[in-house]
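**Student:** build me a model:
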Amino acid sequence: MNQDRQARLTLDQLGKIFERVQKPGRYTGGEWNQVRKNPRKAATRVALIFPDVYEIGMSYLGQKILYSILNSRPSVLAERVFAPWTDFERELRAADIPLYSLENRIPLPAFDILGFSLLYELNYTNVLTVLDLGCVPVLASERGTDAPLVIAGGPAAFNPEPVADIFDLFFLGDGEEGFPEIIDRYADLKTRRLDKRRILEELASIEGVYVPSLYTRVRAGNSTLLVPRPEGSAPARVEKRVLS
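**Tutor:** Predicted structure coming up:
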């Protein structure tokens with residue numbers, strides 16, 4: 001797991017920053033019904049990231065559903081992360097403080113999985129901001145086995161190619177069963193100390209999972225478009241995961 005798993009930001013580190021931004025409540029957590037677990041007792045840490053500001057992200061029911069499902073499992077800690085407004089982003093960069101989760105103020109590199117909800121394509125640029133501000137390499141090819149696994153789901157994940165170089169994998173379809181399956185498989189593969197390529201090959205066998213790095217892009221006939229073609233055991237067609 002990550003070497004800095006015990007890292008947590010304190011309110012002393014953030015207090016002065018809160019005084020200089022609008023709506024600091026966006027970044028403090030502590031709402032009614034939040035789930036705050038002991039990070040040291042969680043085998044797997046998951047950041048549920050909505051790449052837009054708090055007010056928009058908290059209106060999305062999909063994140064709440066996954067938040068409840070994952071935190072109902074004793075071995076999993078799931079915490080929320082939202083893209084900051086420009087004033088808070090500026091202050092974090094000036095203070096050299098990475099973006100963090102709301103519940104325990106855990107910096108992004110200390111998570112095992114960063115799960116982005118992509119609701120619309122205009123969020124794509126915010127994904128870059130979140131990763132950069134969280135001190136996580138933007139390109140999947142630059143993240144090794146010790147870095148968090150960066151995945152995406154949601155409606156805009158059905159148009160993955162514009163951001164295929166950023167995410168380690170996409171999940172297509174309903175995540176109530178598929179996302180926990182990915183987490184369980186990933187936790188098992190990490191304990192076996194497999195390299196990242198092998199881990200991604202194993203995860204690609206899960207229904208609904210698309211791993212861009214396992215495909216080669218080739219020209220489709222006389223078209224200028226490039227079409228992904230699978231390598232090895234990666235599926236030629238990724239089927240949408242549907243929960244009845």
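**Student:** in the protein, where is pLDDT below threshold?
**Tutor:** 1-7 (pLDDT under 70).
**Student:** number of nearby residues for the residue nearest to Leu133 when sequence neighbours are not counted?
**Tutor:** Leaving aside its chain neighbours, Leu133 sits nearest to Leu99 (4.4 Å; criterion: C-beta to C-beta, 6 or more residues apart in numbering). All C-beta atoms are positioned from the backbone trio N, CA, C, and that covers glycine. Leu99 has 25 neighbours, counted by other C-beta atoms under 10 Å.
**Student:** for Leu99, give its distance to Pro84.
**Tutor:** 7 Å (C-beta to C-beta, to the nearest Å).
**Student:** identify the contacts common to these two.
**Tutor:** 92, 133 (C-beta atoms under 8 Å, 6 or more residues apart in numbering).
**Student:** I figured the residue nearest to Leu133 hits Ile106, correct?
**Tutor:** No. At 10.3 Å, Leu99 does not count as touching Ile106 under the criterion of C-beta atoms under 8 Å.
**Student:** beta partners for Leu149?
**Tutor:** Ile113 (DSSP bridges).
**Student:** who touches it in this structure?
**Tutor:** 112-114, 168-169, 186, 199 are the contacts of Leu149 under C-beta under 8 Å, 6+ apart.
**Student:** I'd like those as CSV, with neighbour count and distance to Asn123 appended.
**Tutor:** Shown next, in CSV, are the contacts of Leu149 (neighbours: other C-beta atoms under 10 Å; distance: C-beta to C-beta, whole Å):
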residue, neighbour count, distance to Asn123
Asp112, 22, 23
Ile113, 22, 19
Leu114, 26, 14
Asp168, 23, 18
Leu169, 26, 18
Tyr186, 23, 24
Ile199, 22, 26
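**Student:** between those residues, which is nearest Val46?
**Tutor:** Ranked by distance to Val46 (C-beta to C-beta), these are led by Ile113 at 4.7 Å.
**Student:** any chance you could map the strands in the protein?
**Tutor:** 44-50, 76-82, 113-117, 149-153, 169-171, 209-210, 215-219, 226-230 (DSSP state E).
**Student:** identify the residues contacting Leu226.
**Tutor:** Here Leu226 is in contact with 217-220 (C-beta under 8 Å, 6+ apart).
**Student:** out of those, which is most surrounded?
**Tutor:** Counting by other C-beta under 10 Å, top hit in these: Arg217 with 13 neighbours.
**Student:** specify the beta-bridge partners of that one.
**Tutor:** According to DSSP bridges, beta-bridge pairing links Arg217 with Pro228.
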